[in-house]
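S.K.: okay, here's the prediction I keep looking at, along with the sequence it came from:
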Amino acid sequence: MRVRSLHRRTGGPALPGGLLEVSVVKQAKLTYDPAARFDVDSTEVVYRDDGQTQWPMTVFRPRARGPFPALLRVHGGAWNVGDREGNARIDRALAECGMVVAAIEFRRAPDHPYPAQVQDANYAVRWLKLHADDFDIDPACFGGAGDSSGGHTMMLSAMRPDDPAYAALPLDGGEDVDASVAYVIALCSVLDPYTRYFYDRRDGKADRAERAEAYFLTTETMKQANPQMILERHEPVHLP
């Protein structure tokens with residue numbers, strides 16, 4: 001594993017503990033040619049049925065023989081809005097490069113506060129691993145990606161794949177399948193939701209602050225479910 005340097009971000013009022021940016025890169029041996037280009041098939045599946053709602057997933061697959069690396073895609077939207085179709089063009093382009101990309105819908109605030117989204121991402125990782133043969137996936141090269149709030153969701157699941165609060169949704173037939181991932185791509189992600197909330201309140205960005213409140217409910221939860229602060233507190237984590 002190669003870990004890039006840690007650095008402090010300056011500018012604006014300092015908060016206790018400062019702002020710490022961390023980038024972790026997993027050096028994996030891929031079993032495909034990244035220069036190749038493939039035609040892509042997309043499939044709509046239901047990855048979770050809670051008895052009231054069927055939660056869909058769009059799977060983009062190279063039209064070729066694998067197994068391929070896989071990527072779980074979690075969309076952004078301040079934990080309240082958005083859908084998986086917003087990133088479809090990018091997801092298809094990634095699949096054209098030789099990987100399976102699975103974009104999910106998941107529970108959102110205000111109806112479903114934290115940790116609902118992390119539970120859904122955790123479940124989706126396990127579900128895809130369980131069905132790896134069906135989608136021609138190499139489970140040894142399985143990762144996640146998320147933008148904005150989706151990056152926060154994916155990062156928390158990756159850092160704490162076995163947390164009972166996150167792995168709370170039982171998977172039939174997958175009792176021995178875990179939610180660990182080999183890599184995470186965090187795109188403009190909210191890795192310190194408390195600090196962003198602090199500045200949103202200070203700067204009058206009421207809409208974004210209220211969406212954070214709808215998901216986390218309290219500032220204490222913003223600090224607890226906080227990838228940056230988790231590292232600063234030296235809590236045990238699984239780093240991809």
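M.R.: Everything's here; your move.

S.K.: check the gap between Val181 and Val125 for me.
M.R.: 6 Å (Cβ to Cβ, to the nearest Å). The C-beta positions use only the backbone N, C-alpha and C, and glycine is treated the same way.

S.K.: tell me which element the residue most central in space within the chain falls in.
M.R.: The centroid of the chain falls nearest to Met154 when counting by Cα atoms, centre = their mean (1.8 Å). In this structure, Met154 sits in helix 149-159 according to DSSP states H and E.

S.K.: which elements pack onto that helix?
M.R.: In this structure, helix 149-159 packs against strand 68-74, helix 116-130, strand 137-147, strand 183-187, helix 227-232, with contacts taken as 3 or more Cβ pairs under 8 Å, 6 or more residues apart in numbering; DSSP states H and E.

S.K.: what stretches of the protein score poorly on pLDDT?
M.R.: Filtered on pLDDT under 70, the chain yields the residue ranges 1-34, 240.

S.K.: picking that back up, off-centre distance for the helix holding Met154?
M.R.: 4 Å (Cα atoms, centre = their mean, to the nearest Å).

S.K.: please save the CA atoms from that helix in PDB.
M.R.: The C-alpha trace of helix 149-159 is given here as PDB (Å, rounded to 0.1, in the frame of the first residue of the first chain):
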ATOM      1  CA  SER A 149     -22.300  12.900  -0.100                       C
ATOM      2  CA  GLY A 150     -22.000   9.600  -1.900                       C
ATOM      3  CA  GLY A 151     -18.200   9.600  -1.300                       C
ATOM      4  CA  HIS A 152     -18.900  10.100   2.400                       C
ATOM      5  CA  THR A 153     -21.200   7.100   2.400                       C
ATOM      6  CA  MET A 154     -18.900   4.900   0.500                       C
ATOM      7  CA  MET A 155     -15.800   5.900   2.500                       C
ATOM      8  CA  LEU A 156     -17.600   5.200   5.800                       C
ATOM      9  CA  SER A 157     -18.600   1.700   4.600                       C
ATOM     10  CA  ALA A 158     -15.100   1.100   3.400                       C
ATOM     11  CA  MET A 159     -13.500   2.200   6.700                       C
END
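
S.K.: show me the strands in this protein, by range?
M.R.: Taking DSSP state E as the test, the strands found in the chain are 2-3, 7-8, 20-21, 24-25, 40-49, 54-62, 68-74, 100-104, 137-147, 183-187.

S.K.: number of nearby residues for the closest residue to Val81 other than its chain neighbours?
M.R.: Spatially, and ignoring its direct neighbours in sequence, Val81 is nearest to Arg108 (7.1 Å; Cβ to Cβ, 6 or more residues apart in numbering). Neighbour count for Arg108, taken as other Cβ atoms under 10 Å: 22.

S.K.: same deal with the one 4 residues further on?
M.R.: Taking other Cβ under 10 Å as the criterion, the count of residues near His112 is 17.

S.K.: what's the spacing between it and Met57?
M.R.: For His112, the distance to Met57 - Cβ to Cβ - is 17 Å.

S.K.: could you do Val45 as well?
M.R.: 5 Å.

S.K.: which one of those two has more residues nearby?
M.R.: Legend: neighbour count by other Cβ under 10 Å for Val45 and Met57, higher for Met57 (21 against 16).

S.K.: leaving out sequence neighbours, find the closest residue to the more buried one.
M.R.: Spatial nearest neighbour of Met57, excluding adjacent residues (Cβ to Cβ, 6+ apart): Tyr47 at 4.4 Å.
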